[in-house]
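Student: I would like to see how this sequence folds:
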Amino acid sequence: MRDFSLHILDIAENSIRAEAHRLEISIEIDTKKDVLVLEIADDGKGMDEQTVNMVLDPFFTTKKTRRFGLGLPLLAQAAKMANGEFQIDSKPGKGTRVRATFQASHIDTKPLGDIPQTLVTLIVGHPDVGFRYVHRVDGSEYSLDTEEIREQLDGIPLNSPEVIETIRKNVEQGLDNLGRKR
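Tutor: Below is the predicted model:
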């Protein structure tokens, strides 16, 4: 995976397959501490300790359509290559939290990628799932919460073309205001 947006898409799709109704995705960049943190938490069915211990094995997957799962192992490897760390916490019935840290200035730290398109893809494909995205750069913050948007739409589908285009523009502007660092 070439960038963080693809990791986000992969992990979010895993969360949705695990029956998550709410996902919280955050990216935090602190240039003074030279750290970038990616965190994704869900309220899905979670995993037992044995499964958590196996998810970093690329030849382990719960999917029936293929015999390998590379998403989490690749993210863990990317974090380690960029002087970072990888954590996954999960409990059955409680959901899962994935956290990867990176040295922000490290040459192996991947670019953010197309975050607006990733969010739009998730919302269009899963309009009934609640997504909260938070992006922080040196204390400044942009956030998007589809539950808040849904309340204002008064019955208009979240994935209607007009709403999606407004969301895309809002995310682009919000990230531009933060300087889209990295």
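
Student: which other helices and strands contact the longest helix along the chain?
Tutor: Counting residues, the longest helix found in the chain (DSSP state H) is helix 161-178. Packing contacts for helix 161-178, counted by 3 or more C-beta pairs under 8 Å, 6 or more residues apart in numbering; DSSP states H and E, involve helix 115-125, strand 130-137, strand 140-145, helix 146-153. All C-beta atoms are positioned from the backbone trio N, CA, C, and that covers glycine.

Student: Quick check: buried residues in it?
Tutor: Neighbour counts over helix 161-178 (16 or more other C-beta atoms under 10 Å) mark 163-164, 167, 171, 174-175, 178 as buried.

Student: Report the angle between that helix and helix 115-125.
Tutor: Calculated by axes from the mean of the first three to the mean of the last three C-alpha atoms, to 10 degrees, helix 161-178 forms an angle of 150 degrees with helix 115-125.

Student: Let's see helix 161-178 as CSV, backbone CA atoms only.
Tutor: Extracted as CSV, the C-alpha positions of helix 161-178 are listed here (Å, rounded to 0.1, in the frame of the first residue of the first chain):
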residue,chain,number,x,y,z
PRO,A,161,-24.5,13.0,-5.2
GLU,A,162,-25.0,16.5,-3.9
VAL,A,163,-24.2,15.5,-0.3
ILE,A,164,-21.2,13.5,-1.3
GLU,A,165,-19.8,16.4,-3.4
THR,A,166,-20.3,18.8,-0.4
ILE,A,167,-18.6,16.3,1.9
ARG,A,168,-15.6,16.0,-0.5
LYS,A,169,-15.2,19.7,-0.8
ASN,A,170,-15.5,20.2,2.9
VAL,A,171,-12.8,17.6,3.6
GLU,A,172,-10.5,19.1,0.9
GLN,A,173,-10.9,22.6,2.3
GLY,A,174,-10.5,21.4,5.9
LEU,A,175,-7.2,19.6,5.1
ASP,A,176,-6.0,22.5,2.9
ASN,A,177,-6.6,24.8,5.9
LEU,A,178,-4.3,22.6,7.9
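
Student: what's the nearest residue to residue 106 if we skip its chain neighbours?
Tutor: Distances taken as C-beta to C-beta, 6 or more residues apart in numbering put residue 82 closest to residue 106, at 4.1 Å, once the chain neighbours are dropped.

Student: Check residue 97 too.
Tutor: For residue 97, the closest residue by C-beta to C-beta, 6+ apart turns out to be residue 41, at 4.2 Å.

Student: Can you get me a residue count around the one you found?
Tutor: Neighbour count of residue 41, defined by other C-beta atoms under 10 Å: 19.
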